[in-house]
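Asks: Have a look at this fold, sequence not included:
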């Protein structure tokens with residue numbers, strides 16, 4: 001009987017050792033919390049960088065849209081001798097495909113136009129600005145671009 005007890009005791013010890021090894025290879029709650037803390041710190045660092053790069057991209061798109069629209073206005077004047085009375089005339093006469101969207105306001109009908117003062121009483125659009133309120137990353141107002 002003592003042999004049998006020794007054999008059972010030996011089996012129990014081997015079983016406990018195997019179970020103990022499994023416990024040692026698992027993550028503890030503290031380790032998981034530390035990993036989550038590190039991930040949250042990294043996310044809080046990256047978020048402002050991503051947001052700022054999105055704002056920069058919108059501003060760059062706005063500058064490009066203004067450049068294209070102003071070029072279309074100049075081309076229209078060079079061909080017809082007068083400035084268009086509406087922005088839609090640029091698209092209708094194929095100077096641009098369509099009126100671009102202001103990336104800051106995300107609408108195409110917020111553009112602010114500057115009309116010419118003509119002696120004949122005809123006024124046309126000589127310049128265009130963004131209708132967005134607020135300032136850019138460099139501190140200048142969008143409406144001044």
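Replies: On my side now, so go ahead. The structure presented is a predicted model; accordingly, all values stated were derived computationally and were not measured.

Asks: And the lowest mean pLDDT element among the helices and strands of the chain?
Replies: Ranking every helix and strand in the chain by mean pLDDT, DSSP states H and E puts helix 2-25 at the bottom, with a mean of 62.

Asks: what's the longest helix in the protein?
Replies: Looking across the chain with DSSP state H, the single longest helix is helix 29-80.

Asks: Could you point out the helix or strand that follows that one?
Replies: As assigned by DSSP states H and E, the chain's next helix or strand after helix 29-80 is helix 88-92.

Asks: Below-threshold pLDDT in the protein: ranges please.
Replies: 1-7, 9, 12-25, 118-121 (pLDDT under 70).

Asks: measure the spatially most central residue of it to residue 48 for me?
Replies: Centroid-nearest residue in the chain, with C-alpha atoms, centre = their mean: residue 54, separated by 3.1 Å. Distance of residue 54 to residue 48, given as C-beta to C-beta, to the nearest Å: 11 Å. For the C-beta atoms, the positions are set from N, CA and C on the backbone; glycine is no exception.

Asks: residues near residue 81, how many?
Replies: 7 (other C-beta atoms under 10 Å).

Asks: any idea how far it lies from residue 122?
Replies: Residue 81 is 11 Å from residue 122, by C-beta to C-beta.
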